[in-house]
Every structure is written in C-alpha cells, then in structure tokens.
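Engineer: My questions are about this predicted structure, shown below with the sequence.
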Amino acid sequence: MNKYIVSTLTLAAVLGGSISPAFADNDSGIRGFFQKFREERQDDRKESSDSRDNMASKSAALLLKHESERRERITKFWKKTGERLQKLIHREKKVTDKIDARIDRLATAG
C-alpha cells in the first residue's frame, strides 16, 4: 500500500504539485490515471478468468478423451483375452479328442 501512496504523491508532484486539482477532473490527472488503471486491471481479471474457464473446459475435454481411450484399451484387452481363451479351449478339445482316439485304438488293439 505504501508503494501506491508514494507513487500517487510522486505523480502529484510531477503533474502540478497539488493533489486537489488533479482530482477535480475525471478524464485527466491522477483520477483519470487511476480510473484507467482500474479498468485495465478489471479487463485483465476478466481475461484471466476467461482463460481459466477455457483451460477448465479444455481440461475436461482432455479428461473425457483420455477416459474414452482408456475404455477402448480395456475393451480391446478383454476382447483379446477372450479370443485367447477361446483358442485355448479349442486346443484343449483337440488334445482331448486325440487322447480319446488313441485310447480307443489301444483298447481295440488289446
């Protein structure tokens, strides 16, 4: 806060030495300077809040994208795992059929 007081007094000294004439007019002097300063700060705040909102929406979009990609990877994994299991079951059936055929041949051969 002390910085602002010092800068105000410095501006007053540079602009004419007296503070009261500077505050008499809204468009010039210290009052105009601080009015413009406030407006710029408000614009900066609006821009930063807009950028935060924009970043939040981008973040949400990325989160949804990553979530859908994750879902796809999980689905792909389980689909592939199911296919592998089906192949194993099929191979197991082939092996059991071969074993049964050999047992039958051995039984008929004595």
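Structural biologist: Okay, I see it.
Engineer: Now do the strand or helix carrying residue 41: which elements does it pack against?
Structural biologist: Taking DSSP states H and E as the criterion, the element that holds residue 41 is helix 29-109. On a contact count with 3 or more Cβ pairs under 8 Å, 6 or more residues apart in numbering; DSSP states H and E, helix 29-109 meets helix 2-15, helix 19-24. The way it works is simple: take the backbone N, C-alpha and C, and place the C-beta from them, glycine included.
Engineer: Quick one: low-confidence residue ranges for this protein.
Structural biologist: Residue ranges of the chain with pLDDT under 70: 1-29.
Engineer: could you redo the last one with a cut-off of 50?
Structural biologist: 22 (pLDDT under 50).
Engineer: Name the residue closest to the centre of it, please.
Structural biologist: residue 59 (2.2 Å; Cα atoms, centre = their mean).
Engineer: Residue 37 and residue 43, how far apart?
Structural biologist: When Cβ to Cβ, to the nearest Å is the yardstick, residue 37 and residue 43 sit 11 Å from each other.
Engineer: Over to residue 65?
Structural biologist: With Cβ to Cβ as the criterion, residue 65 and residue 43 are 32 Å apart.
Engineer: One more: residue 99?
Structural biologist: Here the criterion is Cβ to Cβ. By it, residue 99 lies 83 Å from residue 43.
Engineer: Show me how far the helix holding residue 41 is from its chain's centre.
Structural biologist: When distances are taken as Cα atoms, centre = their mean, to the nearest Å, helix 29-109 is centred 15 Å away from the chain's centroid.
Engineer: and if you look at stretch 101-110?
Structural biologist: Chain-centre distance of stretch 101-110: 69 Å, with Cα atoms, centre = their mean.
Engineer: could I have it exported to PDB, CA atoms only?
Structural biologist: Taking C-alpha atoms only, stretch 101-110 is exported to PDB below (Å, rounded to 0.1, in the frame of the first residue of the first chain):
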ATOM      1  CA  ALA A 101      -8.900 -91.600 -30.200                       C
ATOM      2  CA  ARG A 102      -5.600 -93.200 -29.000                       C
ATOM      3  CA  ILE A 103      -7.300 -94.700 -26.000                       C
ATOM      4  CA  ASP A 104      -9.900 -96.300 -28.400                       C
ATOM      5  CA  ARG A 105      -7.200 -97.600 -30.700                       C
ATOM      6  CA  LEU A 106      -5.200 -99.100 -27.800                       C
ATOM      7  CA  ALA A 107      -8.500-100.600 -26.500                       C
ATOM      8  CA  THR A 108      -9.200-102.300 -29.800                       C
ATOM      9  CA  ALA A 109      -5.600-103.400 -30.300                       C
ATOM     10  CA  GLY A 110      -5.700-105.000 -26.900                       C
END
